[in-house]
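Visitor: starting from these lines, generate the structure:
(one chain, ligands or ions: 1)
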Amino acid sequence: MSKNGEACKRFHDNHSERTDLSDLKFKRLLSDNASSKLAVVEAEVEGSTDPAVVVINKLPFTQQDLTGILSGSTGVENEMQNDIYGQYWLKPDPNYNPVKANIIHPATQKHIEKYTSSPSHLVKETEDLYLGVTLPCILKEQFSLDWVYNILEKKQEQDRIIYENADPMDGFLMAPDFKWTGKQVEDLYVLAIVHRRGIKSLRDLNESHLPLLRNLETQGKLAIFKKYGLPVSKIRCYIHYQPSYYHLHVHFTALEYDAPGINCEKSHLLEEVISNLEQNSHYYQTAELTFAVNEKSNLYKAYKEIGYFQEREEENKSFLDLEFESGSCEKVLDFLQMIGKAKHEPSGEQWETTYGESSWRMAVLAMCLPETVNRQRLVQLALVSSLCSLGTCNDENTHWDQKSQEVKQILSDHLPPLVANKLFSLFQEHVDIRRGRLNGSKEHNCYRGILELEEILLRWEEECKGKGENVCTEAIINRMALLQFPGANRFKLCKEKTELENFLKFVMKISELMRLKRTGWVKCQVRDPETVAAHMFRMGILGIIYSHTPIRVEVDACIIGICHDMAECIIGDITPHCKVSVEDKAARELAAFQDLTRDLPETIALGLLVPFSRYENQEAGDFNAILTKDYDKFDMILQAFEYEKKEKRGPFLQQFFDSTMTCFQTQAVKKWQKSLLETRTAYFTNQTNV
Ligand code: M7G
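Guide: So this is what the prediction gives:
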């Protein structure tokens with residue numbers, strides 16, 4: 001062991017026997033707070049190159065202290081007097097005047113940052129910002145959770161435990177917080193740490209955690225009452241966001257104590273957390289949460305990097321707008337072409353269905369789940385599952401860690417940081433669920449169910465090929481019932497299958513879009529052209545990458561994208577060359593859409609019909625509908641260029657570029673179109689020169 005290692009160990013081993021601080025030397029003051037009588041200093045430790053952080057704190061007086069102080073043993077020195085007023089310095093017996101110190105050694109740079117006073121700034125974190133900035137930052141660098149696991153595994157602080165509910169899912173353990181002596185109730189501070197691992201913060205909570213949270217509230221308060229006599233109505237319990245330690249824990253403090261960290265930009269009362277989740281299971285995934293970040297922290301730096309703290313003239317502009325404005329168009333186009341591979345590449349050796357088509361169907365399935373599930377998140381997970389097609393190693397034998405690394409690299413090489421991080425966070429979530437590493441949450445269970453259902457559907461479709469449609473659908477129906485698709489409740493009660501069968505019919509009908517080749521390409525004799533489903537898939541991806549998000553996040557454009565051509569499974573892909581008027585086409589599509597969704601419960605049918613109608617109506621203020629229309633045309637010309645390159649027949653798809661020359665309406669897509677046209681011209685000029 002190195003000298004420094006030895007010094008650290010010695011310091012560590014001495015904690016319980018320490019009687020003085022002779023091996024510590026004051027180095028500098030990190031922060032102090034007059035009102036809470038707390039100072040934090042950095043200290044040098046004899047023989048060690050690592051610093052220590054020492055938190056020194058004067059304690060509230062207890063009755064016993066006061067009795068002791070007002071006694072003959074206290075030394076007294078007069079400072080001033082005037083009339084009936086006198087001021088003294090009291091020098092009480094040290095027993096009545098203790099100062100508490102918490103020592104952290106070896107302290108990391110992050111500890112020093114945490115305790116160093118520096119200006120803070122508020123961040124209003126949307127779901128996009130959480131996925132794109134906060135989550136990657138937390139995953140990259142956070143405080144070690146060893147002390148938490150030591151308590152949970154009873155390796156440390158065993159004698160301080162005041163209550164335990166040992167249930168591995170809904171149980172927790174309580175001990176006095178590091179900041180509290182465990183003596184006087186005036187500054188009571190108890191910490192409850194949940195047994196269940198993997199709940200990082202408030203952002204991970206959903207309805208499935210309600211039993212745990214209710215236990216924490218009721219049993220936690222009662223345990224404090226029993227142990228310290230503090231009435232339940234005088235106990236404040238709350239969760240920090242952002243916390244320092246990303247393993248769910250709840251703070252319990254005495255109501256009359258202004259505990260550090262009870263400020264409103266940090267604390268979320270447990271009662272309110274429970275109530276929010278009771279009303280909306282995915283409240284904490286989609287809510288905007290505001291917190292303060294310290295200028296010294298990496299989280300602050302990550303937000304600064306995306307321009308979050310820049311004063312923006314156009315308030316309505318989202319960070320995505322800003323990122324795309326400053327980023328390189330060609331790289332984004334490269335990425336879109338790479339993901340375009342998923343439109344054509346089979347997702348398994350046994351079937352022809354491509355990654356893109358499969359992701360699209362899973363996204364539509366997610367849209368048909370009950371509203372109590374965070375469907376928007378599932379739609380996004382389903383679409384980004386197609387990122388598996390990127391990189392070198394194939395899905396079937398994927399080494400997941402390598403795949404994740406490759407995907408991460410490709411994303412960060414091509415997309416602005418916020419978008420790259422957001423897509424990667426979603427992809428990693430998909431991978432973790434697929435590998436069975438995340439479980440317990442309703443969303444994760446549903447998503448896993450969708451993945452399994454998709455696989456069953458793919459196998460079933462293969463079987464049908466040989467035998468017509470007389471193949472047993474029992475396994476699919478059972479799986480759909482488990483997933484709570486429309487009709488599942490009745491099925492559970494009386495095994496009535498009709499509604500589930502209707503739903504399956506709907507799924508089979510829309511699945512025809514996974515085989516329907518787009519007419520435009522067929523007419524131009526493109527070999528192995530994409531299907532309508534594959535086209536909708538990339539529109540969905542475009543919608544995740546960039547939609548109109550002034551401050552609030554919506555996956556609107558993505559959902560409009562995956563629904564807009566659905567009626568084509570009934571009326572086919574009608575192009576401008578098919579001699580059908582625009583009005584007639586719209587009327588036929590609407591009728592077909594209604595037909596398609598007729599046997600679905602109203603809420604599900606509406607959930608699909610509304611985005612479809614928004615696309616059709618193209619109302620002036622509906623930016624995401626207008627944007628999706630641009631995406632429709634842009635996906636087409638990008639695809640045309642991809643086919644031109646693949647088929648080596650020169651610019652034979654010119655008509656697609658001509659017909660869309662002036663149709664783009666949004667700034668972002670106009671910019672992409674311009675870049676694509678330039679790239680295409682350069683490509684063919686080079687070809688001619690060669
Ligand atoms: P947080 O919300 O993650 O961070 O709370 P913050 O309040 O520090 O910003 C973590 C809580 O765990 C804090 O109240 C700490 O005082 C407490 N704590 C930290 N450590 C290292 C320990 C420990 O070793 N034992 C106990 N009992 N509490 C700790």
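
Visitor: show me the contact partners of stretch 107-116.
Guide: Under the criterion CB atoms under 8 Å, 6 or more residues apart in numbering, residues 30-31, 40, 42, 50-53, 55, 104, 141, 143, 244, 294, 296-297 lie in contact with stretch 107-116. Any C-beta I mention is one placed from the backbone N, CA and C, and that applies to glycine too.

Visitor: how does it look with 7 Å?
Guide: Contacts to stretch 107-116, defined as CB atoms under 7 Å, 6 or more residues apart in numbering, come from residues 30-31, 40, 42, 50-53, 104, 143, 244, 294, 296-297.

Visitor: same check on stretch 364-383?
Guide: 281-282, 285-286, 359, 362-363, 426, 429-430, 442-443, 446-447, 450, 453, 483-486, 510, 537, 540-541, 544, 555, 558-559, 562, 603-604, 607-608.

Visitor: what do you get if the cut-off is 6 Å, keeping everything else the same?
Guide: Outside stretch 364-383, the residues that touch it by CB atoms under 6 Å, 6 or more residues apart in numbering are 281-282, 285, 359, 362-363, 426, 430, 443, 446-447, 450, 484-485, 540-541, 544, 555, 604, 607.

Visitor: now a ChimeraX select for only the buried ones of the contacts of stretch 107-116.
Guide: Here is the ChimeraX command that picks out the buried ones among the contacts of stretch 107-116, judged by 16 or more other CB atoms under 10 Å:
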select :30,40,42,51,52,53,104,143,294,296,297
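
Visitor: just the ones of the contacts of stretch 107-116 in strands?
Guide: The strands, defined by DSSP state E, take in 30-31, 40, 42, 52-53, 104, 294 from the contacts of stretch 107-116.

Visitor: of those, which is the nearest to the ligand?
Guide: Of all those, the ligand sits closest to I104, with 7.5 Å by CB to the nearest ligand atom.

Visitor: nearest spatial neighbour of that closest one, chain-adjacent residues omitted?
Guide: V53 (4.4 Å; CB to CB, 6 or more residues apart in numbering).

Visitor: return the set of buried residues in stretch 416-430.
Guide: Judged by neighbour count using 16+ other CB under 10 Å, the buried positions of stretch 416-430 are 416-430.

Visitor: with the residues you listed in mind, which one is nearest to C464?
Guide: Nearest to C464 among the buried residues of stretch 416-430, counting by CB to CB, is H430 at 27.5 Å.

Visitor: checking my notes, that closest one in a helix, right?
Guide: Yes. The assignment for H430 is a helix, going by DSSP: H, G, I helix; E, B strand; the rest coil.

Visitor: how close does it get to the ligand?
Guide: 28 Å (CB to the nearest ligand atom, to the nearest Å).

Visitor: next: Q156.
Guide: For Q156, the distance to the ligand equals 7 Å [CB to the nearest ligand atom].

Visitor: residues near the closest residue to L457 other than its chain neighbours, how many?
Guide: Residue nearest to L457 in three dimensions, not counting chain neighbours: I476, with 6.6 Å by CB to CB, 6+ apart. Residues within reach of I476, counting by other CB atoms under 10 Å, total 21.

Visitor: what does V532 give?
Guide: 24.

Visitor: so who does the nearest residue to it once chain neighbours are set aside touch?
Guide: Spatial nearest neighbour of V532, excluding adjacent residues (CB to CB, 6+ apart): L513 at 4.4 Å. Shown in contact with L513 (CB under 6 Å, 6+ apart): 532-533, 569.

Visitor: let me know the pLDDT of the residue nearest to I104.
Guide: At V53, the pLDDT value in this model is 95.

Visitor: so it is in contact with I103, correct?
Guide: No. Using CB atoms under 6 Å, V53 makes no contact with I103, being 7.4 Å away.

Visitor: how is this protein carved up into domains?
Guide: Following automatic domain parsing, one gets these domains for the chain: 3-104, 120-305, 319-689.

Visitor: and the closest residue to D93 other than its chain neighbours, what element?
Guide: Excluding the flanking residues, the one nearest D93 by CB to CB, 6+ apart is S73, at 4.9 Å. Taking DSSP states H and E as the definition, one finds S73 inside no helix or strand.

Visitor: okay, the residue lying closest to Q142 once chain neighbours are set aside and the ligand: tell me how far apart.
Guide: Excluding the flanking residues, the one nearest Q142 by CB to CB, 6+ apart is Y246, at 5.4 Å. Distance of Y246 to the ligand, computed by CB to the nearest ligand atom: 8 Å.
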